[in-house]
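1. Okay, here's the prediction I keep looking at, along with the sequence it came from:
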Amino acid sequence: MANGDLIKLGTFYLNGAKQVRPTYPWQNNATPTGAPGAGNIPNYSSGNIEIKNTDADDAYKINWIEVNDAANNKKLLIADRNLLVSVSWDVLNAQGLISGKTITIDGQSYLLRVMTGGSNYRSGTDSYSGGTPTNNEWDRIITNEAAFSGLPSPNSTDLDTTQNETDRLGTHNTKWNWYYCYSWVQETFLPNSSFRVIRGFYSARYLSDGSSSSSYSYVGWRPVLEVLNTAPLISDSDGNLGNYAAALKKTYTVTDAENDTINVVEKLDGTTIRTLSNQASGTSLTLDLTSEWSSLGLASHTIVVQATDSKGAVSTRTWTFTKTNSAPGAPTINNPVNLMRVPQNFDVVFTTSTDAEGDTQTLKLEIADDSGFTQNAQTITTGLKKYNDTSKQWEDVSSVTNSDNGKSFKFSVTGITVSTSKYLRIGSTDGGSNTTAWSSSIQVKIGNVLEVATLPSEVDFMPLKINVIDKKTIDSKATVKVFACNNALDASPTWEEITSQYQNNQSYEFTNKTKTADKWSISVKYEIVSNDAVGEISIDAIGVGVS
């Protein structure tokens, strides 16, 4: 809150009856030039003059202008118009309304009084010159001689001796409503002790006087609330926080100008969900609806935070939000694993997660050349299978529910080009929000069998034995088989497996003793199956010895 802010607070009661805020805040038995009619400020006849708690109907709320008077260490709320006319200064004083009495409005304590306005003309007998002493509240605040930011200052037409419609409709008067109705102030008129000072009516700065015991239709009561104990401040402002698919968490701060301790109550849809006692001023708190979230319907909800300081001053903050349908939990790919080599035709096995609202989920597999799934992308939505733990079989399904949580599903992939690299991810879309949650993506290398053969090497004799050595890097999960032949130039060479001798660094003795080609020729062949290997598989050099 700041200087010049309009505060709607409290309701004016006259002799026990609440009063509508005046809408024509000028003298009520005459019509100013250009005005729509005579004023409608209530007249006083008898009884109590009171300000009570704020009525729910806006028409009964009093309008105040906030003024933070740092020079005098005061926070004031000044009524923006007179609330009562035809009431004498003495009647107001008898009810404690001139120099002030303590009242409570909505749990907040205030000193209810009228403004100070000076005790005499500032210059000779010039009513338009303002009041003296000059530190009176009317001149400092209403005519803004103290230069409060946020408050308007009167212009020349507001201060001149001409009273006209320009004054009534001007920015300054529409803020303070001084036109065509005086306001009683505290001071006794210095030239005559039976009279009291009145301000306004002819100009923003005008000063006159009236008998303390007399009532006038053109002199009114403009109350001031001097804040005695500032209510705690809850950060942020009231409003709609928007839509939330996941549990709302809202951080806010409670502060107190007098550094009083603060009790905080958080309510959700009228039910208290948390109470915090003796919080220090400046404490940051987080409203967390995680534990309540599952029980909330998909609708609008209201949060009220109430802060009460140790002196009983209360403030509230109200937020609304709408719970919307949340996305399902993301699936998890179990096989293959990232960077695994797979054949052209392979299965993607995964598990699903639950959906907060219990919605049915449909699944899809995306395949692409890039992690952004934009290049050569394809989507597989058919052929979904679920593993039946009882029959030990894969069964066709079209969707999943929360009861399937933890069970294995798979999509089958076919015909991917060998020696390419692909990215995979599984998406789950729920029927309530129609939102897709994606698994983490993995990258696979297509082709899990590597075959490498040396070129035929001619020899002038029939090779009987062979030794093979090499330089290679093979992931430990891969399976390696080695073959050799001594008739490599034949149309159908005789390949003999030498894996055992190769692994034991031994010579292998050929069983083949024939050839159809003109010459004998040696060749070595490797067959490597990657299995679950994700590490490097490479052969840098192969050495062969024959005899």
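-> Structure received. This structure is a prediction, so every number in the text was calculated from the model and none was measured.
2. In three-state terms, label R168 for me.
-> Secondary structure state of R168, per DSSP: H, G, I helix; E, B strand; the rest coil, is helix.
3. Return the distance of it relative to N177.
-> When distance is defined by Cβ to Cβ, to the nearest Å, R168 is 9 Å away from N177. Backbone N, C-alpha and C define where each C-beta goes, glycine included.
4. and what of S326?
-> Using Cβ to Cβ, we find S326 at a distance of 52 Å from N177.
5. The chain: helices as residue ranges?
-> Listed in chain order, the helices found in the chain under DSSP state H are 89-94, 137, 156-159, 165-169, 171-176, 290-293, 499-503.
6. hmm, who's touching the first one?
-> Under the criterion Cβ atoms under 8 Å, 6 or more residues apart in numbering, residues 44, 49, 98-99, 114, 184, 196, 210, 212-213, 215, 221 lie in contact with helix 89-94.
7. Over to the third one?
-> Contacts with helix 156-159, where a contact means Cβ under 8 Å, 6+ apart, come from 128, 143, 164, 166-167, 170, 172-173, 203-205.
8. Which pair of those spans the longest distance?
-> By the measure Cβ to Cβ, these have their two most distant members at T143 and N164, which lie 18.6 Å apart.
9. Report the central residue of the protein.
-> In the chain, the C-alpha nearest the mean C-alpha coordinate belongs to L241, at 6.5 Å (Cα atoms, centre = their mean).
10. Just confirm it contacts F321, I think it does.
-> Yes - with contact defined as Cβ atoms under 8 Å, L241 reaches F321; the gap is 4.3 Å.
11. anything in contact with each of the two?
-> Counting by Cβ under 8 Å, 6+ apart, the residues touching both L241 and F321 are L248.
12. got a winner among the contacts of helix 156-159 for most neighbours?
-> Most neighbours among the contacts of helix 156-159, by other Cβ atoms under 10 Å: A204, with 28 neighbours.
13. lowest-pLDDT helix or strand in the protein?
-> Evaluated with mean pLDDT, DSSP states H and E, the helix-and-strand set of the chain has its lowest mean pLDDT in strand 449-453, which scores a mean of 90.
14. Return that strand as CSV; C-alpha atoms alone will do.
-> Listed next in CSV are the C-alpha coordinates belonging to strand 449-453 (Å, rounded to 0.1, in the frame of the first residue of the first chain):
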residue,chain,number,x,y,z
VAL,A,449,26.5,-58.9,-35.9
LEU,A,450,29.9,-57.8,-37.3
GLU,A,451,31.5,-60.0,-40.0
VAL,A,452,35.0,-59.2,-41.1
ALA,A,453,37.1,-61.4,-43.6
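15. and that strand, what does it pack onto?
-> Taking 3 or more Cβ pairs under 8 Å, 6 or more residues apart in numbering; DSSP states H and E as contact, the helices and strands that strand 449-453 lies on are strand 520-529.
16. orientation of the strand it packs on relative to strand 449-453 in degrees?
-> Orientation note: strand 520-529 sits at an angle of 170 degrees relative to strand 449-453 (axes from the mean of the first three to the mean of the last three Cα atoms, to 10 degrees).
17. Show me the shaky parts of the protein.
-> Scanning the chain for pLDDT under 70 picks out the ranges 1.
18. what sits against the spatially closest residue to V482 that is not a sequence neighbour?
-> The shortest distance from V482 to any non-neighbouring residue, by Cβ to Cβ, 6 or more residues apart in numbering, is to Y502 (4.3 Å). Applying Cβ under 8 Å, 6+ apart, one finds that Y502 lies in contact with 468, 482, 508.
19. Show the contacting residues for the last one.
-> The reference is to Y508. For Y508, the set of contacting residues under the criterion of Cβ under 8 Å, 6+ apart consists of 465-468, 484, 496, 498, 501-502.
20. Looking at the residues you listed, which is nearest G545?
-> N467 (4.1 Å).
21. Now do that closest one against L339, distance only.
-> With distances taken as Cβ to Cβ, N467 is found 34 Å from L339.
22. neighbour count winner among those two?
-> Neighbour count, other Cβ under 10 Å: between N467 and L339, N467 has more, with 17 against 13.
23. Surely the more buried one and V524 touch.
-> No - using Cβ under 8 Å as the test, N467 is too far from V524 to be in contact (10.4 Å).
24. Please enumerate the shared neighbours of those two.
-> V544.
25. Now for M462, how many residues are close by?
-> M462, neighbours per other Cβ under 10 Å, totals 14.
26. what does F195 give?
-> When counting by other Cβ under 10 Å, one arrives at 18 neighbours for F195.
27. One more: T283?
-> Applying other Cβ under 10 Å, we find 16 residues neighbouring T283.
28. That one contacts T253, doesn't it?
-> Yes - in this structure, T283 sits in contact with T253. The criterion is Cβ under 8 Å, and the distance is 6.8 Å.
29. Relative to G4, which of the contacts of Y508 is nearest.
-> Within the contacts of Y508, the smallest distance to G4 is 92.6 Å, found for Y502 (Cβ to Cβ).
30. mind listing the strands for the stretch 401-547 of the chain?
-> Chain-ordered strands for the stretch 401-547 of the chain, with DSSP state E, counting those that start in this stretch as the definition, fall at 408-413, 421-430, 436-438, 442-446, 449-453, 457-459, 465-474, 479-485, 496-497, 508-509, 520-529, 537-546.
31. D370 is nearest to which of these?
-> strand 421-430 (6.4 Å).
32. tilt between that closest one and strand 408-413?
-> Computed by the same axes, to 10 degrees, the angle between strand 421-430 and strand 408-413 is 130 degrees.
33. could the contacts of helix 156-159 go into a markdown table alongside distance to G383?
-> As requested, these are arranged in a markdown table below (distance: Cβ to Cβ, whole Å):
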| residue | distance to G383 |
| --- | --- |
| Y128 | 93 |
| T143 | 83 |
| N164 | 87 |
| T166 | 82 |
| D167 | 84 |
| G170 | 78 |
| H172 | 78 |
| N173 | 79 |
| S203 | 88 |
| A204 | 83 |
| R205 | 88 |
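34. do you know which of the helices of the chain lies nearest L6?
-> Using Cβ to Cβ as the criterion, the shortest distance between L6 and those is 9.1 Å, found for helix 171-176.
35. what residues does the closest one touch?
-> By Cβ under 8 Å, 6+ apart, the list of residues contacting helix 171-176 reads 4, 65, 80-81, 142, 151-155, 158, 167, 179, 204.
36. just stretch 255-265 next, same as before
-> Taking Cβ under 8 Å, 6+ apart as the criterion, the residues outside stretch 255-265 that touch it are 229-230, 232-233, 235, 254, 272, 274-283, 285, 305-311.
37. Just the buried ones from those, in PyMOL syntax?
-> To isolate the buried ones among those in PyMOL, judged by 16 or more other Cβ atoms under 10 Å, type:
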select buried, resi 229+230+232+233+254+279+281+283+285+305+306+307+308+309+311
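38. hang on, the earlier thing: in the least confident helix or strand of the chain, what's buried?
-> 450, 453.
39. swap in stretch 244-260?
-> Buried residues in stretch 244-260, counted by 16+ other Cβ under 10 Å: 244-245, 247-248, 250, 252, 254-256, 260.
40. Export stretch 431-444 to CSV, keeping only CA atoms.
-> Extracted C-alpha coordinates of stretch 431-444, given in CSV (Å, rounded to 0.1, in the frame of the first residue of the first chain):
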residue,chain,number,x,y,z
GLY,A,431,-7.6,-39.8,-21.9
GLY,A,432,-8.3,-36.9,-19.4
SER,A,433,-5.8,-34.3,-20.3
ASN,A,434,-4.8,-35.7,-23.7
THR,A,435,-1.2,-34.8,-22.7
THR,A,436,1.7,-37.0,-23.6
ALA,A,437,4.5,-37.9,-21.1
TRP,A,438,7.7,-39.1,-22.8
SER,A,439,10.3,-41.5,-21.5
SER,A,440,13.9,-40.6,-21.6
SER,A,441,15.2,-41.1,-25.1
ILE,A,442,17.9,-43.7,-25.8
GLN,A,443,20.2,-44.2,-28.8
VAL,A,444,20.7,-47.6,-30.5
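41. neighbour count winner among R168 and N177?
-> Ranked by neighbour count (other Cβ under 10 Å), R168 and N177 place N177 first, with 25 against 18.
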